[in-house]
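Trainee: Sequence first, then the predicted structure, then my questions.
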Amino acid sequence: MHNNLEDLTKHPVFHYFVEISNIPRGSGNEKEISDYLVRFAHERNLEVIQDQALNVIIKKAATSGYENVPTVIIQGHMDMVCEKNKGNAHDFEKDPLQLRIIGDMLYATDTTLGADNGVAVAYALALLDSQDIPHPSLEVLITTEEETTMRGAHEINPVHIDGKILVNIDSEEDRKLLVSSAGGVIVTQTLPISWEQAPKQVVTCCISISGLYGGHSGIDIDKGRGNANKLLGRVLYDLSSELPYSIQKISGGLKVNAIPREAEAIIQLPSNAIKKLTEKIKNWNSILKHEFRVSDSNVCIEIEQIDTTSAKVFSKATMDKAIAALMVIPNGVQSMSRALEGLVESSTNLGVVTTSATEIKFESESRSSIKSLKYAMVHQARIIAEILGGELSTDSDYPEWPYRPESPIRKLFEEAYKEKYGTDIEIITVHAGIECGILLEKIPDLDAISIGPDMYCVHTPNEHLSISSTTENWEYFLYVLKKTKNFNWQRERVNVIS
């Protein structure tokens with residue numbers, strides 16, 4: 001049991017995890033961490049490539065006796081999701097994460113931890129820095145903007161990659177082998193705003209929804225957790241049938257790939273309607289407390305009277321369309337796999353809603369392990385946008401990672417696990433975006449596997465990482481690397497080809 005960070009950093013993986021936690025690395029803000037990786041390589045006389053997307057590739061020669069083993073690509077991403085609790089002054093652009101240990105778990109204080117995917121970076125650095133770990137030739141590939149656009153993986157030039165065996169370290173479940181993942185696309189529905197003069201003698205109030213659990217928009221989408229944007233739509237729709245109010249602004253969520261935990265609407269209404277509003281919000285608190293008593297027991301709706309009153313509000317037509325959008329934009333599980341029991345096949349998450357001077361944006365991430373179903377959700381979103389008088393755009397379209405029936409690297413990991421632990425490792429797929437799909441399109445015949453330690457509540461300020469799982473998973477990974485020397489790669493290739 002590690003009681004303090006100083007003790008924890010004696011382990012090479014946590015030494016580097018703590019070190020990179022001092023470097024801001026939110027998606028789109030990776031210059032500093034990318035340059036750090038380049039300096040790390042130069043200081044150890046390792047070959048390094050940094051491309052225009054700030055991806056970093058570091059190469060290390062095989063240790064003695066492993067010169068004839070096929071090159072292994074070790075891959076992860078350097079960026080992290082930047083989420084924090086409301087009222088927290090942490091600045092992800094410059095502040096280091098404030099790490100803390102509770103039992104076997106490592107947390108950051110009121111922010112995301114960045115174990116997704118700082119673990120991969122820490123594993124890679126510990127391995128590159130080692131002098132006594134046996135391994136084949138290594139190509140460490142650390143990408144950028146995975147959490148937002150996957151731009152880094154899309155920008156990789158395959159001419160810089162020699163290996164055909166990929167070990168991705170972006171899985172979040174120990175003692176399991178991840179062998180396929182969903183594809184995804186970011187869908188933005190844009191609704192133009194028609195403004196009108198605000199009524200006279202009104203009171204301005206903020207209706208806020210908070211206390212939701214949130215989570216990863218792929219991995220946690222089947223857990224029935226509340227989506228603050230969707231709940232806000234329900235509340236506003238109900239209020240519109242009984243209260244004479246206008247909307248000044250709606251907003252919710254911070255990241256399209258995180259289930260939104262908070263949302264709010266700034267409304268204006270006559271002062272004599274405040275009592276009725278208070279009663280309605282009290283009733284909605286009871287409704288949601290009951291609906292989400294298992295998954296989101298801390299859900300809360302509050303109203304706060306504010307001093308700032310805008311001279312303009314949404315027109316009645318814009319208000320109706322905005323509420324309709326919140327109500328009808330799909331959210332949650334859309335289909336379950338008929339081939340693998342319990343696997344989400346398709347889903348969509350209304351992650352971010354923003355209001356500007358000219359438009360309201362509704363941003364969703366749609367995922368599916370079947371390409372045609374992914375685009376069916378895009379077509380549905382386009383129809384909804386057009387019916388409401390808006391437009392639709394897409395971004396960050398990435399492919400699924402299909403299951404490979406015959407995989408030498410999977411077989412090696414399976415054999416090593418059986419030898420080390422005396423039991424079979426569990427083979428899993430995940431309803432989330434993994435860069436393997438993009439890399440498979442770029443590098444023909446790439447054979448991929450994904451591993452990682454246990455981490456929980458990723459993409460939320462409650463994200464935490466199991467310390468014991470991280471060290472055990474690391475030892476398993478090193479055991480596999482050691483076994484690459486005696487594995488019959490040629491026989492496995494022949495079997496795959498045949």
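Mentor: Received it, and whenever you're ready, just let me know what you need.
Trainee: pull the longest strand from the chain.
Mentor: Assignment by DSSP state E gives strand 176-192 as the longest strand of the chain.
Trainee: who are the neighbours of it, in terms of helices and strands?
Mentor: helix 316-328, strand 359-368, helix 371-387, strand 391-398, helix 408-421, strand 426-433, helix 436-442, strand 447-450 (3 or more CB pairs under 8 Å, 6 or more residues apart in numbering; DSSP states H and E). Where C-beta positions appear, they are placed from N, C-alpha and C, glycine not excepted.
Trainee: And the following helix or strand past the first one, what's buried?
Mentor: Tracing the chain past helix 316-328, the next element assigned as helix or strand by DSSP states H and E is strand 332-336. Of the residues in strand 332-336, those buried by neighbour count under the rule 16 or more other CB atoms under 10 Å are 332-334.
Trainee: residues making contact with strand 332-336?
Mentor: Residues outside strand 332-336 that contact it (CB atoms under 8 Å, 6 or more residues apart in numbering): 221-222, 227, 342-349, 368, 373, 377.
Trainee: quick revisit: among the helices and strands packed on strand 176-192, which is nearest residue 214?
Mentor: When the helices and strands packed on strand 176-192 are ranked by proximity to residue 214, the top entry is strand 359-368, at 13.9 Å, counting by CB to CB.
Trainee: ok, that closest one: who's next to it in the sheet?
Mentor: The pairing partners recorded for strand 359-368 under DSSP bridges are strand 176-192 (antiparallel), strand 344-355 (antiparallel).
Trainee: quick one, what contacts residue 15?
Mentor: Under the criterion of CB under 8 Å, 6+ apart, the contact partners of residue 15 comprise 9, 122, 126.
Trainee: List just the nearest of the residues you listed to residue 175.
Mentor: Nearest to residue 175 out of the contacts of residue 15 is residue 122 (CB to CB; 19.2 Å).
Trainee: so the closest one sits right up against residue 11, yeah?
Mentor: No - the pair residue 122 / residue 11 is not scored as a contact, 9.6 Å apart, by CB atoms under 8 Å.
Trainee: before we move on, back to that, check the strands paired with strand 359-368 for me and report the most buried one.
Mentor: strand 344-355 (a mean of 24; mean count of other CB atoms under 10 Å).
Trainee: got the CA positions of that one in CSV?
Mentor: Output in CSV follows, covering the C-alpha atoms of strand 344-355 (Å, rounded to 0.1, in the frame of the first residue of the first chain):
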residue,chain,number,x,y,z
VAL,A,344,-23.8,-1.7,-27.1
GLU,A,345,-23.8,-1.6,-30.9
SER,A,346,-24.9,2.0,-31.5
SER,A,347,-25.3,5.1,-29.4
THR,A,348,-25.3,8.9,-29.4
ASN,A,349,-24.6,11.4,-26.7
LEU,A,350,-25.9,15.0,-26.7
GLY,A,351,-22.7,16.3,-25.0
VAL,A,352,-22.5,20.0,-25.5
VAL,A,353,-25.1,22.8,-26.0
THR,A,354,-23.9,26.4,-26.4
THR,A,355,-25.5,29.8,-27.2
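Trainee: the inter-axis angle of that strand versus helix 316-328?
Mentor: Between strand 344-355 and helix 316-328, the angle formed by their directions is 150 degrees, by axes from the mean of the first three to the mean of the last three CA atoms, to 10 degrees.
Trainee: what angle separates strand 344-355 from strand 426-433?
Mentor: Computed by the same axes, to 10 degrees, the angle separating strand 344-355 from strand 426-433 equals 30 degrees.
Trainee: Could you write me a ChimeraX select line covering just the buried ones among the contacts of residue 15?
Mentor: Selecting in ChimeraX just the buried members of the contacts of residue 15, where the criterion is 16+ other CB under 10 Å, is done with this command:
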select :9,122,126
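Trainee: ok, of the contacts of residue 15, which one's closest to residue 187?
Mentor: For those, the nearest to residue 187 is residue 122 (33.5 Å; CB to CB).
Trainee: Which strand or helix spans that closest one?
Mentor: When secondary structure is defined using DSSP H and E, the element that contains residue 122 is helix 115-129.
Trainee: Sheet partners, orientation included, of the next helix or strand after that helix?
Mentor: As assigned by DSSP H and E, the chain's next helix or strand after helix 115-129 is strand 138-143. Taking DSSP bridges as the criterion, strand 138-143 sits next to strand 56-60 (antiparallel), strand 72-77 (parallel) in its sheet.
Trainee: Now render those strands as TSV, adding mean pLDDT and mean neighbour count.
Mentor: TSV is the format used below for these (pLDDT from 0 to 100; neighbours: other CB atoms under 10 Å):
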stretch	mean pLDDT	mean neighbour count
strand 56-60	98	23
strand 72-77	98	26
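Trainee: now these in a markdown table, with distance to residue 484?
Mentor: Shown next, in a markdown table, are the strands paired with strand 138-143 (distance: least, CB to CB, whole Å):
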| stretch | distance to residue 484 |
| --- | --- |
| strand 56-60 | 14 |
| strand 72-77 | 7 |
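Trainee: Out of these, which gets nearest to residue 201?
Mentor: Each of those was checked against residue 201 via CB to CB, and the shortest separation belongs to strand 72-77, namely 53.3 Å.
Trainee: Strand partners (parallel or antiparallel) of the helix or strand following the closest one?
Mentor: Tracing the chain C-terminally past strand 72-77 and defining elements by DSSP H and E, one meets strand 99-102 next. Sheet partners assigned to strand 99-102 using DSSP bridges are listed as strand 105-108 (antiparallel).
Trainee: Quick one: mean pLDDT for the strand it pairs with?
Mentor: Across strand 105-108, the average pLDDT comes to 98.
Trainee: How far away from the center of its chain is it?
Mentor: Centroid separation for strand 105-108 versus its chain: 18 Å, with CA atoms, centre = their mean, to the nearest Å.
Trainee: Against residue 413, how distant is residue 172?
Mentor: Shown here: residue 172 relative to residue 413, a distance of 17 Å by CB to CB, to the nearest Å.
Trainee: residue contacts, residue 27?
Mentor: In this structure, residue 27 makes contact with 79-82, 144-149, judged by CB under 8 Å, 6+ apart.
Trainee: Local confidence estimate at it?
Mentor: Listed pLDDT for residue 27 reads 96.
Trainee: Equivalent analysis for the one 4 residues further on, please.
Mentor: The predicted local distance difference test score for residue 31 is 98.
Trainee: Count residues in the vicinity of it, would you?
Mentor: The number of residues packed around residue 31, counting by other CB atoms under 10 Å, is 12.
Trainee: Got phi/psi on it?
Mentor: phi -60, psi -40 (degrees, to the nearest 10).
Trainee: Surely it is in contact with residue 54?
Mentor: Yes - here residue 31 lies in contact with residue 54, judged by CB under 8 Å, at a distance of 6.3 Å.
Trainee: Bridged to residue 178, which residues?
Mentor: residue 428, residue 450.
Trainee: Next: the one 10 residues further on.
Mentor: Beta-bridge pairing of residue 188 under DSSP bridges involves residue 363, residue 393.
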